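J.: Predicted coordinates and the sequence they were generated for:
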Amino acid sequence: MFKDVLRAMDFTLLSQIALVLFFLVFVAVVIRTLLRPRQEMDRQASIPLSDAPVEPRGPEAQSHE
Amino acid sequence: MSQAAIPTDPPPQADASASHLDSFSYDDAICRMFMSAMFIWGLVAFLVGMILAIQLPFPYIPGTDIPTNFNLEWFTFGRLRPLHTNAAIFAFAGNAIFAGVYYSTQRLCKTRMWSDLFSRLHFWGWQLVIVAAAVTLPAGITQSKEYAELEWPVDLLIAVVWLGFFGVNFLMTLLNRRERHMYVALWFYIATIVTVTVLHVFNNLVIPVFGPGLVKSYPVYAGVQDAFMQWWYGHNAVAFFLTTPFLGMMYYFLPKAAERPVFSYRLSIVHFWSLVFIYIWAGPHHLQYTALPDWAASLGMVFSLMLWMPSWGGMINFLLTLRGAWQKVASDPILKFFVVAITFYGMATFEGPMLSIKSVNALSHYTDWTIAHVHAGALGWNGFLAFGMMYFLLPRLFQAKLFSPKLANLHFWLATVGILLYIIPIYVAGITQGLMWRAMTETGQLAYPDFVETVIAIKPMWMLRILGGGCYMAGALIGGVNLYKTWAARPKTYDVPVIQAAPLSKLEGVPEAKPEPTIDGVADIAKTLNVWATGWWHRKWERLPIRFTVWVVIAVVVASLFEIIPTFLIRSNVPQIESVKPYTALELYGRDIYVAEGCYNCHSQMIRPILAEVERYGEYSKPGEFIYDRPFQWGSRRIGPDLARVGLTRPQAFWHAEHFEEPDRIVPGSIMPPYPWLFDKEIDWRSLEKRMRAINLLHGGEAYTEEQLTNAEAHAREQAERIAAQIETDGGRGGLSEKQVVALIAYLQRMGTDLNAPPEAPAEEPALDDATASLHTTPAEGGE
C-alpha cells in the first residue's frame, strides 16, 4: 500500500524541490560562515592547540581575544 | 619537537575565579589499545594483499604444478580478496579512526570519554567483529556485496558496537564537554557515526535462511535494485568511512603537529557542510538512473564540480596550514606523512569525479584503473594519515622518546616508493587492458578475441605490484620496530596528568540571545537577515550536539531517501521479460556456491551496450534479466571474462568440469585458480527447500509453486544426474551427481539464456545432447 502511495506521487517533482532546498541551505550556510567575525574564528581554530581548557570559555569568550 | 623529545602538555590552567572546579584526566589507555590494534590489523591486511598480489600472476608456484591456493578452499583468491578489503577498511582504517577519535575528542571537549566501560566494550566488540570476519569470509560465508560481505549475525554485532557503544559514548562525551564550541573535527565525527549507521542498516536488509551449519541470507532487494542499493552504499561508505573521519583527524592532528591553527577555519566549515549537503547527492552516476529531468541531472553535475572545489579547498587549507613551517616538514616524519596524505587526498578527490564521467568510465570500469585509484586513496590518504598519526601518538601515549626518527624516515620513504611502484604499473595495466578489450580490427572484429591474451599482457605489471606492495609492507614493519621499541621504553606507570576545570554548565550563565539588528531604516526582512547573519542561532545550535546531530541525520536521511526511493520504484520500472523465470533448485544452489566462492571478485555479469563488449560477450544485459538475482552479481573487476551469457557461449558441462579442475590446462595462460574441492564437497540437498522458501517469501509467493518447493530435492537430483551423466559421456569424471561442481555448472549453463528462451515450450522434445535445452523447461515441468 505504502508503495502504491509512493508510486502515485510525482516523485521527480519532490526530488527537484529537495535538491533545490539542499542547494539553498548550503549556500546560506556558506554565506553565514563567511560573515562570522574573525576573532571568533581564530579562537575556535586554536581549540586543538591546548589540551587543557583555555579560559574564559563562557559566552564572553567570543568578544575577548 | 615531536620525535626529538617527550612532548609535555602545557600545564593545566589555574582558574582563579572559579570555586567549583572539578578534576579529570584523559583516557589514553583506550587510545593505546586502538592504535596497537590498528597496527596489527594493518599488517594482516597488507599480508593478505600480498598473497593476492602473488596469486594473480602466479596461479601455480613457477616450475611446479602446485597451485598457489594449495588446493585449499579458504586460501583461494575469491575468498581471500574480501578478507583483504574488509581488513584494510574496517580493521586497519577502522581502528585508526577510533584511535584518532578517542584521542582528539577528549582533548577537543576537554573531558574524559563518557564511559570507560563503553570504550572497552567498543574496543573488544570491534575486535570481535574483525575476528568474526577473519573466520567467516575465508569459510565462504558472505553476502557478496563489496565491503558489506559480512553475514547477518556479524552485521547485527556491528550495529550494536558502532551505534550502541561507540555512538552513545561519543555523543555523551560531547554532552559533557568543557569547551563550548565544538571544533570542526567533531562535526566530521558526528557525520561519520550517523551516516555509517544509515548506510549499514539499509544495505544489509536480508532474509536469513536457517538450517544446520547454515549462515546464509538473501537480500530483500533483487537485481538492479540490489545493485543500486549496494553502490549507494559503496559510494557513501568511501565518503563517510574513509574520508570524513580522516578529514576530522587531519583537522586535529595537522595543527597539533605543526603547532599552529588551521589556515582558514571558515574554509574548514564550508568543507564540512559541502560534504554533508552535497556529497550524498553528488554522484551524477546516481542521478543518471533516477528519472530526473535534464536540468536536475545538470545540477547534479554542478554539485559534483562544487564538491571538487571544497575538496581541493580542503587540501589547500591543509597545505597552507604549513606555510612558514616547511623547514619543519623536511625534518619531521609526522608532517611528511601528513603532506603526502594530503596530496593523495587531492589526487583521489580529483580522480573520483573524473571516473564518473561516462566516456572515462566506459574505459576504466572493470579494469585495474579502479584498483589503482582505490590504492592511491587507501595507501596514500588513509595509510599515510594513520602512520603519521601513529608517529605523533607514540611518544605521547607511551610517554617515551620515539625510538628512532631515522627509522621513521625510512618507513616514510619505503612507503612512498611502495605506493608509486604499486599504482603506476596498475594504472598502466588498467588502461592497457581497457584498450585491448575495445580494440577492433579494420574489418570490425575484436583485435584480441581471446580474453586470456589481455591477461597475459598485464602480468608483468602485476609482478611489479608485488614489489610495490612489498616496499609498503616493509615500511610498515619498520614502523612496527619503532612502535615496539618505543613501547618497551615506556615508564613503569604512566603519568596521568589531572586537569582541573569548571564544568561548562557552571559557566553557562548567559544563554545565547537573539541580538538586536544593527541596521535601521530598512525593510523588516533586511533586519531579520541582519540578525540572522550574526550567526547567533548557529552558535546556540552547535552548543547542542544533540540538535546538531539531529540535523545531520535529517540531511543525510533525506538526501538518501531521495536516492533510495526511486530505486524501489525501479522495480515497477524494470520492464518485465516474459521468458525470465526463477532458478531451479539446483541452479539456485549453484548460484549460492558462486556467491560463496567469490567468483564475482574476478567475473562480472553485466554486458554493457558497447560495441566491443557485445561483440565479445553477446547481447547486452537487460534490467529485466536480473529480477531473481539475490544478491546481484554484476561484479566490479573483470580479472576473468564477463559471464552474463556464458550459458550460451559455453553450454557444455564437460568443459566447465575440466576447467574447474585445472583452468590452465584447458585455457593455457589462464590465471583462474583450480577448484578441486568442488569435486569433493557434497550438495546439501536438505537446504534446497529452505533456500527456495526464502526466495519465494521475497517474491510474494510467486516464484515457486508448492509442488516445486516440497519436491525441490527430487527435481534437483534429477537435474544433477543429467549433468553428471553428460560430463561422463563426454569423457570426464564419473560419479559427480552428488557433488557441488554439478550445481555450479547448472547455474553457469542457465546464465543469460532466459532472454531469448522459447516461451513455455511444451516439454515434448526429447533431451538432446545439449543439456541446456531440457534444463530450461525444468521449472515449468514443476507445474508453473
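T.: Nice, I can see it. Here the structure is a predicted model, which is why all the values come from computation and not from measurement. Numbers count the residues shown, from 1 in each chain, chains lettered A, B, ... in the order given.
J.: going forward, measure contacts and count neighbours with C-alpha atoms only.
T.: OK.
J.: Remind me what the helix or strand that contains B:Phe123 packs against, helices and strands.
T.: B:Phe123 is part of helix B:116-136, with elements assigned from DSSP states H and E. Applying 3 or more CA pairs under 8 Å, 6 or more residues apart in numbering or on different chains; DSSP states H and E, one finds that helix B:116-136 contacts helix B:29-55, helix B:77-86, helix B:152-159.
J.: what number of residues lie near the residue nearest to B:Ser25 when sequence neighbours are not counted?
T.: Distances taken as CA to CA, 6 or more residues apart in numbering or on different chains put B:Val498 closest to B:Ser25, at 4.9 Å, once the chain neighbours are dropped. Residues near B:Val498, counting by other CA atoms under 10 Å in any protein chain shown, number 14.
J.: Likewise for B:His20?
T.: 11.
J.: Skipping adjacent residues, who's closest to it in space?
T.: B:Ala502 (6.0 Å).
J.: What pLDDT does the model give the one you found?
T.: On the pLDDT scale, B:Ala502 is placed at 79.
J.: what about it, distance to B:Gly125?
T.: Distance of B:Ala502 to B:Gly125, given as CA to CA, to the nearest Å: 34 Å.
J.: next one: B:Ala703
T.: 39 Å.
J.: Give me the domain ranges for chain B.
T.: B:519-573, B:585-757+B:765-775 (automatic domain parsing).
J.: Of all these, which one is nearest B:Phe277?
T.: Among those, the nearest to B:Phe277 by CA to CA is domain B:519-573 (6.6 Å).
J.: check contacts around the residue in the stretch 101-250 of chain B positioned nearest to chain A.
T.: Relative to chain A, the nearest point of the stretch 101-250 of chain B is B:Arg107 (5.3 Å; CA to the nearest CA). Applying CA atoms under 8 Å, 6 or more residues apart in numbering or on different chains, we find B:Arg107 in contact with A:48, A:50-52, B:26.
J.: Identify the residues contacting the residue nearest to the spatial centre of chain B.
T.: Nearest to the geometric centre of chain B sits B:Tyr147, at 3.6 Å (CA atoms, centre = their mean). Counting by CA under 8 Å, 6+ apart, B:Tyr147 makes contact with B:82, B:85-86, B:234.
J.: List just the nearest of the residues you listed to A:Phe23.
T.: B:Gly234 (23.5 Å).
J.: Checking my notes, that closest one in a strand, right?
T.: No - judged by DSSP: H, G, I helix; E, B strand; the rest coil, B:Gly234 forms no part of a strand; its state is helix.
J.: Can you name the residues that contact it?
T.: B:146-147.
J.: Okay, now the unreliable bits of the stretch 151-300 of chain B?
T.: B:280-300 (pLDDT under 70).
J.: count of neighbours near B:Ala703?
T.: The burial count for B:Ala703: 21, using other CA under 10 Å.
J.: nearest residue to it other than its sequence neighbours?
T.: Using CA to CA, 6+ apart, the closest residue to B:Ala703 is B:Asn696 (5.2 Å).
J.: show me what contacts the one you found?
T.: Per CA under 8 Å, 6+ apart, neighbours of B:Asn696: B:702-704.
J.: nearest to chain A, of these?
T.: Distances from chain A to the contacts of B:Asn696, taken by CA to the nearest CA, are shortest for B:Glu702, at 18.3 Å.
J.: for that closest one, what are its contacts?
T.: Neighbours of B:Glu702 in contact, by CA under 8 Å, 6+ apart: B:Asn696.
J.: list the contacts for residue 48?
T.: No chain in the question, so chain A it is. The contact partners of A:Pro48, taken as CA under 8 Å, 6+ apart, are B:107-108, B:183, B:252, B:255-256, B:261.
J.: that's the wrong chain, I meant chain B
T.: For B:Val48, the contacting residues are B:80-81, B:83-84, by CA under 8 Å, 6+ apart.
J.: try 7 Å this time
T.: B:His84 (CA atoms under 7 Å, 6 or more residues apart in numbering or on different chains).
J.: can you check B:Leu709 too?
T.: By CA under 7 Å, 6+ apart, the residues touching B:Leu709 are B:689, B:692.
J.: for B:Val574, same thing?
T.: B:623-624.
J.: Retrieve the pLDDT associated with it.
T.: With respect to pLDDT, B:Val574 scores 72.
J.: tell me the SS of B:Tyr218?
T.: Following three-state DSSP, we place B:Tyr218 in the strand state.
J.: What is the burial count for it?
T.: B:Tyr218: 23 neighbours (other CA under 10 Å).
J.: Could you measure from it over to B:Ala185?
T.: From B:Tyr218 to B:Ala185 the distance is 38 Å (CA to CA).
J.: next one: B:Gly469
T.: In terms of CA to CA, B:Gly469 sits 31 Å off from B:Ala185.
J.: re earlier: ok, so of the contacts of B:Tyr147, who is nearest chain A?
T.: B:Gly234 (21.4 Å).
J.: For chain A, give me the ranges with low pLDDT.
T.: Along chain A, segments meeting pLDDT under 70 span A:1-15, A:56-65.
J.: hey, which helix is longest across it?
T.: For chain A, the longest helix by residue count, based on DSSP state H, is helix A:11-35.
J.: near chain B at all, that helix?
T.: Yes - Helix A:11-35 lies within reach of chain B by CA under 7 Å from any CA of the partner chain, at A:12, A:15-16, A:22, A:26, A:30, A:32-35.
J.: what residues are up against B:Gln143?
T.: B:149-151 are the contacts of B:Gln143 under CA under 7 Å, 6+ apart.
J.: distance of it from B:Arg750?
T.: 21 Å.
J.: ok, which stretches of chain B are strands?
T.: B:22-24, B:206-211, B:214-219, B:499-501 (DSSP state E).
J.: Dump those to TSV, plus distance to chain A.
T.: Below are those laid out as TSV (distance: least, CA to the nearest CA, whole Å):
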stretch	distance to chain A
strand B:22-24	10
strand B:206-211	19
strand B:214-219	18
strand B:499-501	7
